[in-house]
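[1] I would like the atomic coordinates for the input below:
(one chain, ligands or ions: 1)
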Amino acid sequence: MPVGLHRLMMQIQVPRISILHVVDPAEHSRVSEAAADDYETCLRHLVKSKILDISKESGFPKFDVMLLGMGPDGHVASLFPGHPLVHEKEKWVTFIKDSPKPPPNRITFTFPVINSSANIALAIVGAGKADVVHKSLGDDKSSDLLPVQMVSPEGELVWFLDKDAASKL
Ligand SMILES: O=C1O[C@H](COP(=O)(O)O)[C@@H](O)[C@H](O)[C@H]1O
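    Residues are numbered from 1 along each chain as shown. The predicted structure follows:
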């Protein structure tokens, strides 16, 4: 689990049964493509059994709360700046085999799923994130949007920053 999320989860009491972890392809016996398919199938079962809602606005699964971290390049989940996966519009879960940050093989929710969440908490820690936090929350919107700037849930988006991550605001 990313550092920021781990620290946040240590502060709150959520029943383990209510937390859906993304499977780690590195621990999966099959390739990332199969892991992504399996995970999407798992989500579809949860929707069928009425455990997971579908957003009336988007038609994609709607989580109550999604906890996201952010990389120093502004990536969220495994959606990296400049990578075509950022523009995926159909799939719920997809895979990447050439991640710029190790491990190269990953699976990830797509933006339609992320942005169908009722609420999103972004947990960001460390001085290494300060520049991108400043860029993301600052006034300069001239360049291409970073993935973190594309996070837009149906409800509330809350940024949790430690002092180091917030040091350039
Ligand atoms: O690679 C990743 O890193 C980011 C940031 O992780 P952290 O340990 O520095 O908080 C994480 O949010 C993202 O999910 C993951 O793909």
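
[2] I124 contacts H134, correct?
    No - checked against CB atoms under 8 Å, the pair I124 and H134 is beyond contact range at 11.6 Å. For the C-beta atoms, the positions are set from N, CA and C on the backbone; glycine is no exception.

[3] Between those two, which has more neighbouring residues?
    Per other CB atoms under 10 Å, whichever of I124 and H134 has more neighbours is I124, with 28 against 15.

[4] Could you verify that V47 is part of a helix?
    Yes - assessed with DSSP: H, G, I helix; E, B strand; the rest coil, V47 lies in a helix.

[5] Residue numbering should commence at 871 henceforth.
    With 871 as the first residue, the last one maps to V917.

[6] Does it touch F930 like I think?
    No - in this structure, V917 is not within contact of F930 by CB under 8 Å, at 9.9 Å.

[7] who has more neighbours, the two?
    Neighbours per residue (other CB under 10 Å) separate V917 from F930, with F930 holding more: 23 against 15.

[8] What about the one residue sitting closest to the centre of the chain? Give its phi and psi, please.
    Relative to the mean C-alpha position of the chain, the nearest C-alpha, by CA atoms, centre = their mean, is the one of A947, at 3.4 Å. Backbone torsions of A947, given as degrees, to the nearest 10, read phi 50, psi -130.

[9] Can you give me the neighbour number for the residue nearest to it when sequence neighbours are not counted?
    Nearest non-adjacent residue to A947, counting by CB to CB, 6 or more residues apart in numbering: T978, 4.3 Å away. T978 sits with 26 neighbouring residues when counted by other CB under 10 Å.
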